[in-house]
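> give me a model of this one.
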Amino acid sequence: METKFGIKKIIWMIIVIAIFVLQFFCSEQLGDDMFFSDVLDEMSLAAFLNKRYFTWSSRIVIEAILVFVASRSPWIWRILNAMVIIVLIEAVSKVFGRGETYENKILFSCLLLFIPAASLKSAGWITTTLNYLWVLAFGIVVIVSLRQIMEDTLKLSGFFISLIALIYATSMEQMAAILFGTYLAAGVYMVATKKNVNWMYLVQFAFIILSLCFILFSPGNTRRTAIETEKYFPVFQDLTVFQKVCMGFLVTVRYYVGNEAGRVIFLLLCV
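Below you'll find the predicted structure:
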């Protein structure tokens with residue numbers, strides 16, 4: 001038994017080393033990386049974030065860190081990105097398994113290999129990972145904390161760490177919506193089962209609601225939606241809610257059925 005545990009631990013350590021090594025092959029600056037790397041040469045960070053919020057995007061927490069990372073040595077991003085990937089694997093292993101088992105970590109590490117590398121650099125390595133991969137990792141960290149809250153096992157230090165992760169993750173619209181639905185469902189469950197509603201849950205839920213309000217009232221989001229809808233899908237506003245839902249469903253199905261990588265990921269998740 002100890003030998004098996006030792007082998008699994010060695011495999012996990014090899015995976016961790018491989019994650020850091022793989023970052024060396026993600027060195028070129030592409031697309032939006034170049035834009036964000038030059039921001040501080042033209043204006044202050046505060047001025048840039050103010051301009052973005054009112055003209056283009058409410059993701060100011062993400063973009064504040066993005067500007068800092070993109071304008072520094074690529075080594076900073078490589079190290080941070082490797083650490084975030086490890087955090088993602090650790091968090092997923094806690095969500096879908098009891099305890100910190102090496103089997104869960106190794107399995108999810110294998111699943112990550114099926115994500116096409118090209119999808120992680122569509123807007124530039126730094127821009128894409130900070131907006132999507134990091135948001136996913138920190139979002140799952142928040143969900144882990146919610147599970148611990150419901151089990152009355154979340155420590156104060158873990159609460160503050162999860163709060164930082166929550167502030168970053170909910171800067172992204174989709175993750176803010178996902179966490180809102182998750183926390184709302186958890187709250188309904190706790191009330192229905194007459195379980196004590198922990199103050200940590202209330203604080204986190206309040207931050208999620210504030211983030212959603214910040215997103216919904218952003219003039220930049222409204223402006224960007226209008227510009228991109230007119231450019232890429234001008235008849236979108238004429239569709240009914242039912243038609244939009246059907247289109248979203250069909251696009252998702254097409255990805256998992258018509259895309260080779262999507263089919264592999266879907267089959268592995270089923271297993």
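> how many other residues sit next to F214?
17 (other Cβ atoms under 10 Å). Every residue, glycine included, has its C-beta placed from N, CA and C.
> oh sorry, the question was meant for I10
By other Cβ under 10 Å, 11 other residues sit near I10.
> again, but for T240
By other Cβ under 10 Å, the residues close to T240 number 8.
> what average pLDDT does stretch 213-228 get?
Stretch 213-228 shows a mean pLDDT of 87.
> pull out the buried positions in that stretch.
Buried residues in stretch 213-228, defined by neighbour count with 16 or more other Cβ atoms under 10 Å: F214, I215, S218, G220, N221, R224.
> show the pLDDT at A47.
Reported pLDDT for A47: 93.
> sorry, back to before: wait, which of the buried residues of stretch 213-228 is closest to L133?
Nearest to L133 out of the buried residues of stretch 213-228 is I215 (Cβ to Cβ; 19.9 Å).
> nearest residue to that closest one in space, please, no chain neighbours.
S58 (4.7 Å; Cβ to Cβ, 6 or more residues apart in numbering).
> I figured the one you found hits T222, correct?
No - checked against Cβ atoms under 8 Å, the pair S58 and T222 is beyond contact range at 9.9 Å.
> and G6, what element?
If you go by DSSP states H and E, G6 is part of helix 2-22.
> next structured bit after that helix?
Next along from helix 2-22, by DSSP H and E: helix 32-37.
> just the buried residues of that next one, please?
For helix 32-37, by 16+ other Cβ under 10 Å, it's D32, D33, F36, S37.
> could you do stretch 152-166 as well?
Here stretch 152-166 shows L154, G158, F159, I161, S162, A165, L166 as buried, counting by 16+ other Cβ under 10 Å.
> coming back round to it: which helices and strands sit right next to the helix holding G6?
In terms of contacts (3 or more Cβ pairs under 8 Å, 6 or more residues apart in numbering; DSSP states H and E), helix 2-22 is packed against helix 74-95, helix 102-112.
> tally of neighbours for E230?
Counted with other Cβ under 10 Å, E230 comes out at 11.
> what's the distance between I62 and M172?
Using Cβ to Cβ, to the nearest Å, I62 is found at 7 Å from M172.
> what touches both of these two?
N131, V135 (Cβ atoms under 8 Å, 6 or more residues apart in numbering).
> neighbour count: those two, which is higher?
M172 (25 against 20).
> so what pLDDT did the more buried one get?
93.
> give me the nearest residue to G139, chain neighbours excluded.
Nearest residue to G139 in three dimensions, chain neighbours excluded: A169, at 4.1 Å (Cβ to Cβ, 6+ apart).
> measure the one you found to I14 for me?
Taken as Cβ to Cβ, the span from A169 to I14 is 29 Å.
> so for the two, which residue has more residues nearby?
Between A169 and I14, counting by other Cβ under 10 Å, A169 is the more crowded of the two (28 against 12).
> the more buried one against L133, yeah?
No - in this structure, A169 is not within contact of L133 by Cβ under 8 Å, at 11.5 Å.
> spell out which helix or strand contains V142, please.
Per DSSP H and E: helix 134-150 holds V142.
> okay, the angle between that helix and helix 74-95?
40 degrees (axes from the mean of the first three to the mean of the last three Cα atoms, to 10 degrees).
> following helix 134-150, which helix or strand comes up?
helix 156-169.
> what's the average pLDDT for that next one?
Throughout helix 156-169, pLDDT has a mean value of 94.
> which strands and helices lie in contact with it?
If you count contacts as 3+ Cβ pairs under 8 Å, 6+ apart, helix 156-169 packs onto helix 60-70, helix 134-150, helix 173-192, helix 199-216.
> just the ones you listed: most buried one?
Highest mean neighbour count of the helices and strands packed on helix 156-169: helix 134-150, a mean of 22 (counted as mean count of other Cβ atoms under 10 Å).
> before I go, just wanted to say thanks for your time.
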